[in-house]
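Undergrad: Dropping a prediction and its sequence here:
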Amino acid sequence: MPYFLIEVYVPRARAHEAGSTGRRIRAAIDALHNADVEIRFVRTMLLPEDETCFHVVDAPSGAEVHTICERAGLGSVRVVSAIEDSSGDNLPDPGDQEPDGDGPTTSRDPITHRGCR
């Protein structure tokens, strides 16, 4: 299954809430596991200086990730597919990729996410 990043704006003053957001995502995934949907929470990465938090999930498609975000009550998020390569030697050439329909998808509230319209 491919990885997806869920990007969430987290103001510095509320950086302590990044962990609770991850717990809400895991709870939403657990609720869907009862419906036999294969999604796995991988990790959370907080970038406090950028006021950004990434939650990494392993899911069949971006549509399932958006469903998880809605169930977790995240509101304003950006979901993008991601490729992980711990060696850095096996990343595909972007020119060789076919569009899969699960590229960057965005649902943002311009009030809660800076720089968006």
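TA: Okay, I see it.
Undergrad: can we go C-alpha only for contacts and neighbour counts from here?
TA: Will do.
Undergrad: Any stretches of the chain with poor pLDDT?
TA: The chain contains residues with pLDDT under 70 at 33-36, 93-117.
Undergrad: roughly how far apart are Ile6 and Asp89?
TA: Using CA to CA, to the nearest Å, we find Ile6 at a distance of 25 Å from Asp89.
Undergrad: again with Leu32
TA: 35 Å.
Undergrad: if we can go back for a sec, for Ile6 and Asp89, work out which one has more neighbours and name it.
TA: Ranked by neighbour count (other CA atoms under 10 Å), Ile6 and Asp89 place Ile6 first, with 23 against 7.
Undergrad: wouldn't that one be in contact with Asp58 here?
TA: No: the criterion here is CA atoms under 8 Å, and Ile6 misses it with Asp58 at 10.9 Å.
Undergrad: where along this structure do the strands fall?
TA: 3-9, 40-47, 52-58, 77-82, 105-107 (DSSP state E).
Undergrad: Could you save those strands as JSON lines and add columns showing distance to Thr67?
TA: Listed next are the strands of the chain as JSON lines, based on distance: least, CA to CA, whole Å:
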{"stretch": "strand 3-9", "distance to Thr67": "12"}
{"stretch": "strand 40-47", "distance to Thr67": "14"}
{"stretch": "strand 52-58", "distance to Thr67": "12"}
{"stretch": "strand 77-82", "distance to Thr67": "11"}
{"stretch": "strand 105-107", "distance to Thr67": "12"}
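Undergrad: what about those, which gets the closest to Gly19?
TA: Gly19 lies closest, by CA to CA, to one member of the strands of the chain: strand 40-47, at 7.8 Å.
Undergrad: Contacts made by the helix ranked longest in the chain with the rest, please.
TA: For the chain, the longest helix by residue count, based on DSSP state H, is helix 18-33. Identification of contacts with helix 18-33 by CA atoms under 8 Å, 6 or more residues apart in numbering yields 10, 39-41, 44, 46, 53, 55, 68-69, 71-74.
Undergrad: and with 6 Å instead?
TA: Ile68, Arg71, Ala72 (CA atoms under 6 Å, 6 or more residues apart in numbering).
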